[in-house]
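J.: With the input below, show me the fold.
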Amino acid sequence: MRHNAIMLELAILGFLHDAPLHGYELRKRIAALTGHVKPVAESTLYPAIKRLEKAGLLARRTQPGAGAAPRHVLTLTPEGHAELRRRLAHPADIDITDENRWFTLLAFLRHLDDPSAQAELLSRRMAFLRQPSSFFYEGDRPLRAEEVEDPFRRGILTIARATSQAELSWLRRTLDTLRAATDD
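T.: Numbers count the residues shown, from 1 in each chain. So this is what the prediction gives:
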């Protein structure tokens, strides 16, 4: 299965963990989370819902709609809850390193009840962010903002550095809190 479909399914499971939703409301919530990157089309969302329903992870019940058409409300089954926790506990490396996938994972990480498992994922993200990297290279060497003359590329690197520093600061604080919870 393509990785984008896996992240869409994670978002579906995560939002339905929070509350039963009908498809339109689910689509709006997913678009609010990921829409700036890749809007969710009905032709993508509804097949994913059907796959999850066929796998026994979702249940559908019909209720009267505001107009003439009935609405289908989706709920997470106990198997769906377990699958969400499994997917949160064992994400692929790309889910940790790709910012958009990371945000989807992070949006639902509270549903992984084990603070040590949460801390492990945050530690993986921290290790990734600490690796030297850049959008621009001289040979194999990553370039820093101060080494780039193009003001627009320098801007990209400056913004990325500030974002990474803010995230690293948040990761350290959150890891301290999670580790303190496991020490109790």
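J.: CA only for contacts and neighbour counts going forward, please
T.: Fine.
J.: Show me what the top helix by length along the chain is packed against.
T.: The single longest helix within the chain, with elements called by DSSP state H, is helix 151-183. If contacts are counted by 3 or more C-alpha pairs under 8 Å, 6 or more residues apart in numbering; DSSP states H and E, helix 151-183 sits against helix 115-130.
J.: Now name the helix or strand holding Val73.
T.: Here Val73, judged by DSSP states H and E, is contained in strand 71-76.
J.: Just the CA trace of that strand, in PDB.
T.: What follows is strand 71-76, C-alpha atoms only, in PDB (Å, rounded to 0.1, in the frame of the first residue of the first chain):
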ATOM      1  CA  ARG A  71     -25.900  10.200   6.600                       C
ATOM      2  CA  HIS A  72     -23.500   7.500   7.400                       C
ATOM      3  CA  VAL A  73     -21.800   7.900  10.800                       C
ATOM      4  CA  LEU A  74     -18.500   6.100  11.200                       C
ATOM      5  CA  THR A  75     -17.200   4.800  14.500                       C
ATOM      6  CA  LEU A  76     -14.000   3.000  15.500                       C
END
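J.: Would you mind identifying the next helix or strand past it?
T.: Downstream of strand 71-76, the first helix or strand assigned by DSSP H and E is helix 78-89.
J.: What's the per-residue pLDDT of the nearest residue to Arg29 once chain neighbours are set aside here?
T.: Distance criterion C-alpha to C-alpha, 6 or more residues apart in numbering; nearest residue to Arg29, sequence neighbours excluded, is Phe15 at 7.6 Å. As predicted, Phe15 sits at a pLDDT of 96.
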